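Trainee: Fold the following, please.
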Amino acid sequence: MITARTERRAARRIFFGWYMVAASVVANTIFSAAYFQGFGVLILPIERAFGWDRWVISAAMSLRQLESGIVSPAVGFLLDRVSGRKLIFWSAVISGAGFIGLGFTSGVVTFFIFFVIISLGASGVSHAVTWPVIISRWFRRNRGLATGLAVTGPIFGSPFVILNTQIEEAYGWRVVLFAYGALVLVIVTLISMLVRDRPEPYGLTPDGDPPEGGAAAQRLAGAPYKRADAGLTLRAVLRTKEFWLFTGYLSGCFAVNSAVQGHMIPYLQQDIGFTAAWSAVVMSIVFTISSIGRIGGGYLLDRMDYRLVLAAVAAMMGLSLLYLQMAEVKTIPGTLPFALLFGVSFGCLVPMRGTVGSLMFGIRAIGGVLGLLQGGSIAAGVVGPLFMGIVFDLHGSYSAAIWGLIVVSALMVPVSLAMASPAELAKRIERQRIGE
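Mentor: Residues are numbered from 1 along each chain as shown. Now for the predicted structure:
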């Protein structure tokens, strides 16, 4: 029986959903330090150890992107059917074993095999699909803020890149891989034990609100929990124009984002004239500023029309590139307007899929929805850097390519405004619920 004392005790506790957020941050801090960002410092040592050409490592990086685009939909579909705890646990085991195996690599074949194994596991642990799906079930009013906080792991992982460099110089690249393999096998598998898929089976409600009847209250009273997530089926989602508009929007924005990030340092060196060190500083500033977009963008998506947020993100991304084209940038301070606009817009994109996807379609098939959205984004992310490279080869500079990216960014503004209003989306989800 639910009593006033029970409700007061629950109100004093930290809502368990925030532990899901913290778990995402810790897991993705480790993976960013070990793989997504930190692996970059191992490229040259590995090349020198085997005498490989640069294309070998570059091909592995491209394969990582391609594999993520293929595996992400499968991860999403799994999350609609199996426990997130099991998925994260086994993904961590696979990745941890891959890191250790990569530390023992003796040639190109084993390098690619273990790199693919790491990538496979990383797709299940990263904040691209898995954690946004889990968090979307634990939060409703604060879903954007919670997702924005949950994807800040790479911000905390950045300083570990410096540590990777120091360990590699002192003990070699194999030791770095062994160490991260052990960390993933121990820490991330332990984190997975904390994961709970949704609050209702534990007598809780999204955001930690007091139970007002329904499944959560019945659970507190001793009745069995019957899962009934509100939202559209995956088949119904694929019939909406919003899914395809949002897929197009994400694909356009991620194509621009990946193109700029992939070629930022060469652009700053060759078109602007910075040294490699100063170019790296600018990129670090952009990545740090992205934390404002990750958290702030999620917060705004909870509190205003999502279409305006999407339009503002695309506009800021285009304006950041327009600034580079129009201004005479010769110093680090001169890059700050670009760093601010691009960093914030890039950061906003990270929590966008989970927050907007669940707003548009509910959480009934949210795993499959986010998996498909991620797959489309990754596919476009592969095209962006390739486009930049081809244009540079043809013209000897990045200017023409940047103008093209400005046009793509501008086109995403009307695409975002063509989507349905939040009220229309809520009515659609309610009609689905009543019709069942």
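Trainee: Go ahead and confirm Val161 touches Gln37.
Mentor: Yes: assessed by Cβ atoms under 8 Å, Val161 is found in contact with Gln37 at 5.5 Å. No exception for glycine: its C-beta is placed from N, CA and C like everyone else's.
Trainee: how about the strands of the stretch 151-300 of the chain, start to end?
Mentor: For the stretch 151-300 of the chain, applying DSSP state E, counting those that start in this stretch gives no strands.
Trainee: what residue ranges in it score low on pLDDT?
Mentor: 211-229, 276 (pLDDT under 70).
Trainee: Which secondary structure state is assigned to the residue lying closest to Gly318 once chain neighbours are set aside?
Mentor: Leaving aside its sequence neighbours, Gly318 sits nearest to Ser409 (Cβ to Cβ, 6 or more residues apart in numbering; 3.2 Å). Under DSSP: H, G, I helix; E, B strand; the rest coil, Ser409 falls in the helix class.
Trainee: now swap in the one 10 residues further on and tell me
Mentor: Going by three-state DSSP, the secondary structure assigned to Met419 is coil.
Trainee: That one reaches Glu242, doesn't it?
Mentor: Yes: here Met419 reaches Glu242: they are 5.1 Å apart, a contact under Cβ under 8 Å.
Trainee: Name the residue in the two with the higher neighbour count.
Mentor: Met419 (23 against 20; other Cβ atoms under 10 Å).
Trainee: Okay, and the residue most central in space within the chain sits in which element?
Mentor: For the chain, the residue nearest the mean C-alpha position is Ala128 (3.7 Å; Cα atoms, centre = their mean). Under the criterion of DSSP states H and E, Ala128 resides outside all helices and strands.
Trainee: Quick check: closest non-adjacent residue to it.
Mentor: Closest to Ala128 by Cβ to Cβ, 6+ apart is Gln374, at 5.1 Å.
Trainee: Could you grab the helix/strand/coil label for that neighbour?
Mentor: Taking three-state DSSP, the label given to Gln374 is helix.
Trainee: Next one, pLDDT for Ser62 please.
Mentor: With respect to pLDDT, Ser62 scores 66.
Trainee: Mutual contacts of Met419 and Glu242, please.
Mentor: Shared contacts of Met419 and Glu242 (Cβ atoms under 8 Å, 6 or more residues apart in numbering): Met360.
Trainee: How is this protein divided into domains?
Mentor: 17-198, 234-434 (automatic domain parsing).
Trainee: Could I get those in TSV, plus columns for distance to Pro210?
Mentor: TSV is the format used below for these (distance: least, Cβ to Cβ, whole Å):
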stretch	distance to Pro210
domain 17-198	13
domain 234-434	20
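Trainee: Now for Val125, how many residues are close by?
Mentor: 28.
Trainee: how close does it get to Met360?
Mentor: 25 Å (Cβ to Cβ, to the nearest Å).
Trainee: ok, now Thr205?
Mentor: Taking Cβ to Cβ, one finds Thr205 at 22 Å from Met360.
Trainee: Kindly confirm my reading that Phe392 is in a strand.
Mentor: No: counting by three-state DSSP, Phe392 falls outside a strand, being helix.
Trainee: Does it touch Tyr398 like I think?
Mentor: Yes: between Phe392 and Tyr398 there is a contact under Cβ under 8 Å: 5.5 Å.
Trainee: anything in contact with each of those two?
Mentor: Counting by Cβ under 8 Å, 6+ apart, the residues touching both Phe392 and Tyr398 are His263, Pro266.
Trainee: For those two, indicate the residue with more neighbours.
Mentor: Tyr398 (25 against 19).
Trainee: and that one, what is it in contact with?
Mentor: By Cβ under 8 Å, 6+ apart, the contact set of Tyr398 is His263, Pro266, Tyr267, Gln270, Asp271, Met388, Val391, Phe392.
Trainee: hmm, which of those residues are the buried ones?
Mentor: His263, Tyr267, Asp271, Met388, Val391, Phe392 (16 or more other Cβ atoms under 10 Å).
Trainee: Now for the first one: which residues touch it?
Mentor: This points to His263. Listed by Cβ under 8 Å, 6+ apart, the contact set of His263 reads Pro385, Met388, Gly389, Phe392, Tyr398.
Trainee: rerun at 6 Å
Mentor: Met388 (Cβ atoms under 6 Å, 6 or more residues apart in numbering).
Trainee: Kindly report the same for the third one.
Mentor: Residues in contact with Asp271 (Cβ under 6 Å, 6+ apart) are Ser397, Tyr398.
Trainee: Could you do the fourth one as well?
Mentor: Under the criterion of Cβ under 6 Å, 6+ apart, the contact list for Met388 reads Ala259, His263, Ala401.
Trainee: repeat for the second one
Mentor: For Tyr267, the residues meeting the contact criterion (Cβ under 6 Å, 6+ apart) are Tyr398.
Trainee: Tell me the spacing between it and Gly334.
Mentor: Per Cβ to Cβ, Tyr267 is found 14 Å from Gly334.
Trainee: how about stretch 282-295: buried residues?
Mentor: For stretch 282-295, using 16+ other Cβ under 10 Å, the buried residues are Val282, Met283, Ile285, Val286, Phe287, Ile289, Ser290, Ser291, Gly293, Arg294, Ile295.
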